[in-house]
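**Q** One predicted model, sequence on top.
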Amino acid sequence: FIEKNAPTLPVWKRELIRIVRKVSQYFYPQGMTKVMNEGFATFMHYHIINEMFEQGYIDDGFMLEFIHSHSSVVFQPEFNSPYFSGINPYALGFNVFMDIKRICQDPTEEDRNWFPNLIGKDWLDEVHYAMENFRDDSFILQYLSPKVMRDMRLFLIADFEEEDEYEISAIHNERGYRKIRESLSNQYRRAFYVPDIQVDRVDLHTTSKLHMVHQIVDDKRLDPREAQSTLEHVRYLWEFPVELTSRNKLGINEEVYQCD
């Protein structure tokens, strides 16, 4: 919007903004498919190398080096490990793709109840279908199985602002599977980690002030310092006053940030 509508922005600055916009648009889908990208690449690498080994194209030494490298890539530290920094997208994606293959080839009774549409299917077709038609949040919601949740020892922590302590609200058992899967899926929704900020209007006939609106999602508010700092950069590009309003789902303005 600034690139095309800033009243006094020089041509060379518009061109720089256009370049940044184009690059951001190119990488936009990648931010929503990190688990799938890394998981699919790791899964196919693992499958191809094992096929080559079984057919005698690579020797034991190469295979041992691959296993060492692969194990490091998909290593998932325990939640209480000093090296834990969240769920490893390589590990999660690889485990889910491997599980799709397992369910197609050797399903259990549990798999038949959870994934009846995968039973007896060609695993390669199903893996390709998943890779081509889902992003991280929908992929997890569709394919994360109880077995993977048990293997990765997933559990859900409830962190309420008004409470002094954390609460373990779900573990990898019959009562917790769907709750864990839904919560993990939500963490990969773009709205979970990128605020929804859009241009609302411009006071063209008076001050040329740019008005933007932030839609509060799941009660996630902007950090005041970060919001004000970002607003200053927008003001630098727009070259006129700017205003950012945080609005909740009821349409009520909760915070207003300004930079004149």
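**A** That came through fine.
**Q** what residue lies at the spatial centre of this structure?
**A** Residue closest to the average C-alpha location in the chain (C-alpha atoms, centre = their mean): Tyr188, at 3.3 Å.
**Q** ok, now which ones touch that one?
**A** Met32, Val35, Arg135, Asp136, Asp137, Ile140 (C-beta atoms under 8 Å, 6 or more residues apart in numbering). Every residue, glycine included, has its C-beta placed from N, CA and C.
**Q** any idea which element Arg102 lies in?
**A** Taking DSSP states H and E as the criterion, Arg102 maps to helix 89-105.
**Q** what's the answer for Ile197, then?
**A** strand 196-202.
**Q** Would you mark the buried spots in that strand?
**A** Ile197, Val202 (16 or more other C-beta atoms under 10 Å).
**Q** Next, the angle strand 196-202 makes with whichever helix or strand comes after it.
**A** Moving toward the C-terminus from strand 196-202, the next helix or strand (DSSP H and E) is strand 210-215. Relative orientation of strand 210-215 and strand 196-202, computed by axes from the mean of the first three to the mean of the last three C-alpha atoms, to 10 degrees: 150 degrees.
**Q** quick one: the next helix or strand after strand 210-215 to chain centroid distance?
**A** Going down the chain from strand 210-215, the next helix or strand is helix 224-238, by DSSP H and E. How far helix 224-238 lies from its chain's middle: 25 Å, per C-alpha atoms, centre = their mean, to the nearest Å.
**Q** which other helices and strands contact helix 224-238?
**A** helix 2-5, strand 210-215, strand 242-247, strand 253-259 (3 or more C-beta pairs under 8 Å, 6 or more residues apart in numbering; DSSP states H and E).
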